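S.K.: got a predicted model here, sequence first, then my questions.
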Amino acid sequence: MSYGRVVNINVDMFSPSKSSIKEANEHFQALYKRIDELEKTVKDQAEAIIRRDEDEQQRMNDVANRHKNEVEKLNTNIKTSEKKIEILSRNLQEKNAMVTTLQYKCRMINELCASIPAFESYLTTLKQVDSLRTGIDCNNVSHVCKCKQGLGLPNNVDSMVESNDDELDVSGQTTV
């Protein structure tokens, strides 16, 4: 390596002494040594920068990979959650339909329960009719006619009662 300028010096005018040449050579040697040190420092710094860049690049790759893995996990969780939501939505729809059906059945049962006194009355009346047919509890014909009128049955339903048509009139009184 050559540093410095070439200077044309007229030797006749100036003749350097040995000590000044030696001093100049030492100065040049120190200068070259300093240049070598600076070049080594620059080279070391460049290598350190390259190593730091590689380390930073590796850290960035690690962060990017962790980020990618987290995103994949979150996407998997989202898909799993969406499937669960679909299942729960279907279950909710089925249960809503079941609730609607049960509410309808409850209304029907409530209506039936409200009709229980009427059914009991009809049952009592049917028991009375059955007892008339068998002849138990009703020994007179007037009672039979009153039962028929209470039931709203026509008077010609005498086949249920063991009596004679001649003995009954429309008012339910016996005619003998």
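M.R.: On my side now, so go ahead.
S.K.: what segments of this structure are helices?
M.R.: Using DSSP state H, the helices of the chain run over residues 18-114, 116-134, 141-151.
S.K.: state the mean pLDDT of the first one.
M.R.: The reference is to helix 18-114. Over the span of helix 18-114, the pLDDT mean works out to 96.
S.K.: can I get the helices of the chain in CSV with mean neighbour count?
M.R.: All C-beta atoms are positioned from the backbone trio N, CA, C, and that covers glycine. Converted to CSV, those look like this (neighbours: other C-beta atoms under 10 Å):
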stretch, mean neighbour count
helix 18-114, 10
helix 116-134, 13
helix 141-151, 18
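S.K.: what domains does the record give for this structure?
M.R.: Following the assignment in automatic domain parsing, the chain carries domains at 18-88, 117-167.
S.K.: mind putting these in CSV, distance to residue 106 included?
M.R.: CSV is the format used below for these (distance: least, C-beta to C-beta, whole Å):
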stretch, distance to residue 106
domain 18-88, 25
domain 117-167, 18
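S.K.: compare the ones you listed and give me the one nearest residue 100.
M.R.: Relative to residue 100, the nearest member of the domains of the chain by C-beta to C-beta is domain 18-88, separated by 18.4 Å.
S.K.: and the contacts of stretch 94-110?
M.R.: Outside stretch 94-110, not one residue touches it by C-beta atoms under 8 Å, 6 or more residues apart in numbering.
S.K.: from here on, count from 27
M.R.: In the new numbering, first residue 27, that becomes stretch 120-136.
S.K.: could you dump it to CSV, C-alpha only?
M.R.: Presented in CSV, the C-alpha positions along stretch 120-136 are these (Å, rounded to 0.1, in the frame of the first residue of the first chain):
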residue,chain,number,x,y,z
GLU,A,120,-83.8,-27.8,19.2
LYS,A,121,-84.4,-26.8,22.8
ASN,A,122,-86.4,-23.8,21.7
ALA,A,123,-88.6,-26.0,19.5
MET,A,124,-89.0,-28.4,22.4
VAL,A,125,-89.9,-25.5,24.8
THR,A,126,-92.5,-24.3,22.2
THR,A,127,-94.0,-27.8,22.0
LEU,A,128,-94.0,-28.2,25.8
GLN,A,129,-95.6,-24.8,26.2
TYR,A,130,-98.4,-25.9,23.7
LYS,A,131,-98.8,-29.1,25.7
CYS,A,132,-99.0,-27.1,29.0
ARG,A,133,-101.7,-24.9,27.5
MET,A,134,-103.6,-28.0,26.5
ILE,A,135,-103.2,-29.6,29.9
ASN,A,136,-104.2,-26.3,31.6
